[in-house]
Every structure is written in C-alpha cells, then in structure tokens.
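> Provided below are the primary sequence and the corresponding predicted coordinates.
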Amino acid sequence: QVQLKESGPGLVQPSQTLSLTCTVSGFSLTSYHVHWVRQPPGKGLEWMGVMWSDGDTSYNSALKSRLSISRDTSKSQVFLKMSSLQTEDTATYYCAREAEIVMPTYFDYWGQGVMVTVSS
Amino acid sequence: DIRMTQSPASLSASLGETVNIECLASEDIYSDLAWYQQKPGKSPQLLIYNANSLQNGVPSRFSGSGSGTQYSLKINSLQSEDVATYFCQQYNNYPLTFGSGTKLEIK
C-alpha cells in the first residue's frame, strides 16, 4: 500500500541547515509528485515545495531562497534541505503525495510527519 | 497568492447535530478545493476533493459543496470520532494554500 515516512533530526540549532528525508513505498517517484508541507505547533498548514515526477522542482516564494528539494529515485526518497533556520521554522514537517500527475490536485496520502524544533 | 478564509475558527456541537464549515477564496478557484480532517497528533486525511467528491472510505455523513469563491463542508449526524481540526485547501494555482482551520469539539 501507499506509504510516506519522514525522517530527520528533532532538534536543529538556529542558523543551521535542516535536512529531512521522505521515504515512499507503494508508488514510484517518477509517476507521482511529492510535496513538503509544514505546520507550526497549533497553527495551520503551509505548502513549502514540490518534487515533480519529472525531477523538476517548485518552491513557495516565501521560502525559495532557503529551500532545496531533491530525490533519489533508486531509493524512493525525496529530500528537503532548508538553510538559515530560525525559531519560527519550528514545525511538524510532512511529505504528501499529489493525487494526480496531469494538473494541480489535492493530497491523497500524507506521511506521519516529523517534528523539528529550532533551539539552541 | 490565493487567500483562503475559513470560518468559524472553532465550533462546539452536540452528538447527532449537523455542522457547517465555510471557506472563502480570495478569487475564483473553479471548485479546485479539498477538505482535510486532522485528528490530534495525526497527519491530515483527505475527506473531499473537487469541492464535492467524497474520498473513498470517508463516511457519507461528510459532504462538500460550493463554487466560485465560496465553499462549505457539512457533517451530518455528528459522531464522537469527528472531533478534529478541519482544513480547506485550494489547488487552482500555486502556491497551494490552506485555510486556517476549524477546530470541532463535542458539546
């Protein structure tokens, strides 16, 4: 069945770089787009960016200067790197699969999320 | 960016009641709208897509409606397991944006 699972450090120091991995199963990264979405504690959801099925990427302009998304299709993994972390980047980070490949659509599967705290 | 204004922010209702949650888009999103349910400590789960299509496995007491800029989620016969926060999301244009959420509690 379709699964996504995020992994990464729970604690990052301010000004450092966050590195997260989304490992997927039950589908191919070359057939579906995978997005990153974050949620600060007690707050709403923010779309961060996407790894398109063709290997291209798009980013939220608010984060673009700090964000990089890449993948390793042989390992079914999508990676997120975000630099210059600040306390306001404290959040649960989710990867999610987009339901259809042809046009912008909704997320039909989400990972469990990984909580990242930015603190010294 | 398309702004999604969701209301109310919180809602308390009795078991068996019907509740409505609204989402207003800052421009026409042509029914490119999804609703998600997020239970405490869990990831969001898809309930409704294309404004009114029920995701497989979601109880039929959930329904969506709307067009243009105005959309709503209706929950009939409220159950205890419906306690959650509900989010709308537009996918008509990038960046994808979400409503701020509606926290639903049982009275």
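Noted; the coordinates are in hand.
> Do I have it right that residue B:70 meets residue B:27?
No - counting by CB atoms under 8 Å, residue B:70 stays clear of residue B:27, with 11.8 Å between them. C-beta here means a position set from N, CA and C on the backbone, and glycine is covered the same way.
> give me the beta-bridge partners of residue B:10?
In this structure, residue B:10 bridges to residue B:103 when assessed by DSSP bridges.
> and the gap between it and chain A?
Remark: distance between residue B:10 and chain A (CB to the nearest CB, to the nearest Å) = 12 Å.
> what about that residue, how many neighbours?
11 (other CB atoms under 10 Å in any protein chain shown).
> Might one say that it is in contact with residue B:102?
Yes - assessed by CB under 8 Å, residue B:10 is found in contact with residue B:102 at 6.8 Å.
> Nearest to chain A: which residue in chain B?
Taking CB to the nearest CB as the measure, chain B has residue B:34 as its residue closest to chain A, at 3.7 Å.
> Identify the spatial nearest neighbour of the residue nearest the centre of chain B, chain neighbours not counted.
Nearest to the centroid of the C-alpha atoms of chain B, with distances taken as CA atoms, centre = their mean, sits residue B:35, at 3.8 Å. In space, residue B:35 comes closest to residue B:48 once its chain neighbours are excluded; the distance is 4.1 Å by CB to CB, 6 or more residues apart in numbering or on different chains.
> Quickly list what the one you found is bridged to.
Here residue B:48 sits in beta bridges with residue B:35, residue B:54, as judged by DSSP bridges.
> next one: residue A:35
Beta-bridge partners of residue A:35, as defined by DSSP bridges: residue A:50, residue A:96.
> count of neighbours near residue B:9?
Using other CB under 10 Å, residue B:9 has 11 other residues around it.
> Could I get the contacting residues of it?
When the contact criterion is CB atoms under 8 Å, 6 or more residues apart in numbering or on different chains, the partners of residue B:9 are B:100-103.
> Let's see that with 7 Å instead.
Under the criterion of CB atoms under 7 Å, 6 or more residues apart in numbering or on different chains, the contact list for residue B:9 reads B:100, B:102.
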